[in-house]
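# Quick check, what structure comes out for this input:
(chains A and B)
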Amino acid sequence: MGNNLFAATGLNRRNQRVQGLFRTLFGLMLIIPVLLILGMLLYKGGGMLSMDFLLTYPKDGMTAGGLLPALVGTIWLVSVALLASVPIGVAAAIYLSEYAPDNWLTRIINLAIINLAGVPSIVHALFGVGAFVIFFDFGTSILAASLTLAIMTLPVVIVATRESPQAVPFAFREACWNMGATRWQTIRRVVLPNAVSGILTGIILEVSRTTGETAPVMFTGAVFFTPFLPQSVFDQTMAMSLHLFVVATQVPGVPDELPFGVALVLIGMVLVMNSLSIAFRMYLRGKKKW
Amino acid sequence: MVVPAEIPLEIGAEPEATLAPIKLSIEDLKISYGSSVALEGVSLQIRENEIFGIIGPANAGKTSFLKAINRMDLFTSGMKVEGEIRFNGRDIRRLNNVYALRSRIGVVFPLPVGLPMTVYDNVALSPRLRGIKDRKELDIIVERCLTRAALWDEVKDRLDALGSLLSGGQQQRLTIARALSQEPELLVLDEFSIAVDPVTTMRIEDVLKELEREMTIILVTNLVQQARRLADRTAFFLDGRCVEIGETEDLFTGTVQDQRTRDYVEGRFG
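Numbers count the residues shown, from 1 in each chain, chains lettered A, B, ... in the order given. Alright, predicted model coming up:
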């Protein structure tokens, strides 16, 4: 008996094999769709990729040429949306995690955030038309579209950002308060420097979502076609997501590989930005301090 | 009773002719969390430049007592403090600026808290909060505080290392150095030796004996012998009450008023 105390029984071994099998299976199920999508896009649209495709205007009734105005437009839309939502979202997250007392008001705010996250994007689009295009009189413009995107992604930023200050051990705050630091001094010197990587995660999620959204921009600022690059936030613009929708379904005579090329560039943008932020986040994590 | 710090005291019962002014005066203190009372009916006075020991088993209310002194009840939800606490003769419940109060009271926790920043920044944090920016001045403060906390020799070559990655004993001395960087008038140590090896404990105790000349020290400890080694006077807390306050030697040599105190210091408790 003594020698066999730590030996695996037959049942152990079989359980472990079954578990291992399931783990591998579920892992593959996560990876396979990504590989399939990327593979398909590369196979069908890979031939489209060239500097010309990225840097020229569409021509021949959008059946040929590049996607420069859509690319530039999406960069505008995402940047302006980030400028609006990141400060507000991060400030809200800090308030909720560091200041908000546990009372009915806080609970209502949290409930509102959850519900806001669940609102369909087309509803956000209509809200954007009503609020920004008409009421604030921004017209259909980058500003109106970006603000709509910002409101739509705000809950994502808040929820993802809120967790990271809470992960900073309470003892650090207490030590800092005991030295006579105010709440804000404590947040600035101890909490925020250690929560940056989590805050970045929230922003990454937002970028991904903002880049691909179609509905909120198609009524508020993005147009079917324009031969001009936007000069200010009050201009209309083309957008990658809407452009993809247009060339895939709205224009007759588009060669098969063109929509796939557009989709490839769109997904490529998201992947590149995600990878950059993830690399930066890993760099920050590597310096994690406790 | 309210005694302004400047006025010399005349209390017939005390044997010494001249007594140091009172640093901290507690009158009928009661601390509760919701409906449960952590500490009740505590009145005591702590004089300048003395080491005041507080001994007692767990749940005696020792840590709550320290929190109340520092007005940490403001940051602790549900904690309620009643009674009167006077620091330098001023009622701390009526201060406009609790941050100034906290900056004059250095606190050392049971478990060392090296803030997640460099050793240098740990000690320079409090001076920086006070608005000192000059690098040379900070250098001097950092070296002086680390030296006084008996840590300088071990970390002087790696001031840029993370404070949270030092060993436990070093972190505790770093915590003490950080408390000293506040230039506190009152230093509060809450069972500082729990996570520290005996050799380091002895070194810190030596440091405390030195510091007594410059500041008032409250030493909460569950090592009765540590209280005996360091404290001038000692209070015995039990189950949320202050059972006895007296000269430390009296408590240990048997001239106690309460049988429970004798049992506790002699290790016959329970």
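# where do the strands sit along the stretch 51-200 of chain B?
All strands of the stretch 51-200 of chain B, identified by DSSP state E, counting those that start in this stretch, fall at B:51-55, B:79-87, B:90-91, B:105-108, B:186-190.
# Which of the ones you listed sits closest to A:G221?
In terms of Cβ to Cβ, the element of those nearest to A:G221 is strand B:79-87, at 52.1 Å. For glycine as for every other residue, the C-beta is placed from the backbone atoms N, C-alpha and C.
# Tell me which stretches of the stretch 101-250 of chain B form helices.
B:119-129, B:135-148, B:152-155, B:168-181, B:198-211, B:224-230, B:248-253 (DSSP state H, counting those that start in this stretch).
# and the fourth one, how far from the chain's centre?
The reference is to helix B:168-181. In terms of Cα atoms, centre = their mean, to the nearest Å, the centre of helix B:168-181 is found 14 Å from the chain centre.
# still on that earlier bit, any chance of the strands of the stretch 51-200 of chain B in a markdown table, plus mean pLDDT, mean neighbour count and distance to A:T201?
Compiled in a markdown table, the strands of the stretch 51-200 of chain B are given as follows (pLDDT from 0 to 100; neighbours: other Cβ atoms under 10 Å in any protein chain shown; distance: least, Cβ to Cβ, whole Å):
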| stretch | mean pLDDT | mean neighbour count | distance to A:T201 |
| --- | --- | --- | --- |
| strand B:51-55 | 91 | 27 | 45 |
| strand B:79-87 | 89 | 18 | 34 |
| strand B:90-91 | 86 | 13 | 47 |
| strand B:105-108 | 89 | 27 | 34 |
| strand B:186-190 | 91 | 24 | 36 |
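# Ok, which of those comes nearest chain A?
Nearest to chain A, of all the strands of the stretch 51-200 of chain B, is strand B:105-108, at 4.3 Å by Cβ to the nearest Cβ.
# ok, the closest one: who's next to it in the sheet?
Within its sheet, strand B:105-108 is paired with strand B:186-190 (parallel), according to DSSP bridges.
# Need the CA coordinates for the strand it pairs with. CSV is fine.
Listed next in CSV are the C-alpha coordinates belonging to strand B:186-190 (Å, rounded to 0.1, in the frame of the first residue of the first chain):
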residue,chain,number,x,y,z
LEU,B,186,3.9,60.7,16.7
LEU,B,187,5.0,57.3,15.4
VAL,B,188,2.5,54.5,15.6
LEU,B,189,3.6,50.9,15.2
ASP,B,190,1.0,48.2,14.9
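# tell me the angle of that strand relative to helix B:168-181?
160 degrees (axes from the mean of the first three to the mean of the last three Cα atoms, to 10 degrees).
# Identify all contacting residues around strand B:186-190.
B:23-24, B:62-63, B:66, B:69-70, B:87, B:104-110, B:176, B:179-180, B:208, B:211, B:215-221 (Cβ atoms under 8 Å, 6 or more residues apart in numbering or on different chains).
# Also stretch B:26-35?
Under the criterion Cβ under 8 Å, 6+ apart, residues B:1-2, B:37-45, B:61, B:64-65, B:67-68, B:73, B:78-86 lie in contact with stretch B:26-35.
# Any buried residues in it, and which?
B:26, B:29-32 (16 or more other Cβ atoms under 10 Å in any protein chain shown).
# List the buried residues in the longest helix belonging to chain A.
Counting by DSSP state H, the longest helix found in chain A is helix A:10-45. By neighbour count on 16+ other Cβ under 10 Å, the buried set for helix A:10-45 is A:41, A:44-45.
# what residues does stretch A:211-224 touch?
Contact with stretch A:211-224 is made by A:73-74, A:77-78, A:121-122, A:124-126, A:128-129, A:132-133, A:140-146, A:148-149, A:152, A:236-242, A:244-246, A:250, A:266, A:269-270, A:273, as judged by Cβ under 8 Å, 6+ apart.
# Would you tell me which residues of chain B are close to chain A?
Residues of chain B lying near chain A by Cβ under 8 Å from any Cβ of the partner chain: B:70, B:72, B:75, B:77, B:99-107, B:109, B:111, B:113-117, B:125-126, B:129, B:162, B:164-165, B:175, B:178-179, B:182.
# got any ranges where the chain has weak pLDDT?
Since no chain was named, I'll use chain A. Applying pLDDT under 70 to chain A flags residues A:1-4, A:287-290.
# ah, I was thinking of chain B
The model of chain B has pLDDT under 70 over residues B:1-18, B:269-270.
# what's the following helix or strand after the longest helix of chain A?
helix A:51-55 (DSSP states H and E).
# Which strands or helices does the following helix or strand past that next one pack on?
As assigned by DSSP H and E, the chain's next helix or strand after helix A:51-55 is strand A:58-59. Contact partners of strand A:58-59 among helices and strands, from 3 or more Cβ pairs under 8 Å, 6 or more residues apart in numbering or on different chains; DSSP states H and E: strand A:64-65.
# again, 10 Å this time
strand A:64-65, helix A:68-94 (3 or more Cβ pairs under 10 Å, 6 or more residues apart in numbering or on different chains; DSSP states H and E).
# Switch the strands of the stretch 51-200 of chain B over to JSON lines; also include distance to A:G221.
Shown next, in JSON lines, are the strands of the stretch 51-200 of chain B (distance: least, Cβ to Cβ, whole Å):
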{"stretch": "strand B:51-55", "distance to A:G221": "67"}
{"stretch": "strand B:79-87", "distance to A:G221": "52"}
{"stretch": "strand B:90-91", "distance to A:G221": "60"}
{"stretch": "strand B:105-108", "distance to A:G221": "55"}
{"stretch": "strand B:186-190", "distance to A:G221": "59"}
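# Which one, of those, ends up nearest to B:D239?
Here strand B:51-55 is closest among the strands of the stretch 51-200 of chain B (Cβ to Cβ), at 13.5 Å.
# centre of the chain versus the closest one, how much separation?
With Cα atoms, centre = their mean, you get 8 Å for strand B:51-55.
# pretty sure B:K62 is touching B:F237, no?
Yes. At 5.5 Å, B:K62 counts as touching B:F237 under the criterion of Cβ atoms under 10 Å.
# Need the overlap of contacts for the two.
The contact sets of B:K62 and B:F237 overlap at B:39, B:54-56, B:220 (Cβ atoms under 10 Å, 6 or more residues apart in numbering or on different chains).
# Let's have the residues you listed in CSV, adding distance to A:V262.
What follows is the shared contacts of B:K62 and B:F237, written out as CSV (distance: Cβ to Cβ, whole Å):
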residue, distance to A:V262
B:L39, 70
B:I54, 73
B:I55, 76
B:G56, 74
B:V220, 69
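# just curious, which of those is nearest to A:F53?
Nearest to A:F53 among the shared contacts of B:K62 and B:F237, with distances taken as Cβ to Cβ, is B:V220, at 71.9 Å.
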